[in-house]
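> Here you go, sequence then predicted model.
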Amino acid sequence: MNEWRDAITELRGIVTEDPDGDASLPNYGTGFREQDYARIPPRDLPFGPPPWFGDDSWVRQATPRHPNSISRPSRDPEHTLEWRAPKDQP
């Protein structure tokens, strides 16, 4: 976790924030909370993803709970990413 905090501090001095961004928000604490996750702005995603893409809050509320909607299968751990879609989405 300390490595993440250090990297965020360093990146804030290098990366230009988005016009609607706020680099003055607190850095990570001792653990992740739901408010530490943020939807990826649609402008930062490729053209044409489904509406739920970029927001995996639903997966942390699912039963069983998962840390995120992406995983790497053991059969191909270096190349494949598997995305989990909400049950009510196509």
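Here it is on my side, so go on. Numbering: from 1, shown residues only.
> chain center to the longest helix seen in the chain: distance?
If you go by DSSP state H, the chain has its longest helix at helix 2-12. Relative to its chain's centre, helix 2-12 lies at 16 Å (Cα atoms, centre = their mean, to the nearest Å).
> Same check on stretch 60-80?
Between the centre of stretch 60-80 and the centre of its chain there are 13 Å (Cα atoms, centre = their mean).
> what do you get for stretch 79-90?
Distance, centroid of stretch 79-90 to centroid of chain: 14 Å (Cα atoms, centre = their mean).
> Spit out the contact partners of residue 18.
By Cβ atoms under 8 Å, 6 or more residues apart in numbering, residue 18 lies in contact with residue 41. Using the backbone N, CA and C atoms, a C-beta is placed for each residue, glycine as well.
> Using the three-state scheme, assign it.
coil (DSSP: H, G, I helix; E, B strand; the rest coil).
> Need the pLDDT of it.
Listed pLDDT for residue 18 reads 87.
> Please report how far the residue sitting furthest away from the middle of the chain lies from residue 62.
In the chain, residue 75 marks the outermost C-alpha relative to the chain mean, sitting 23.7 Å out by Cα atoms, centre = their mean. Distance, residue 75 to residue 62, by Cβ to Cβ, to the nearest Å: 23 Å.
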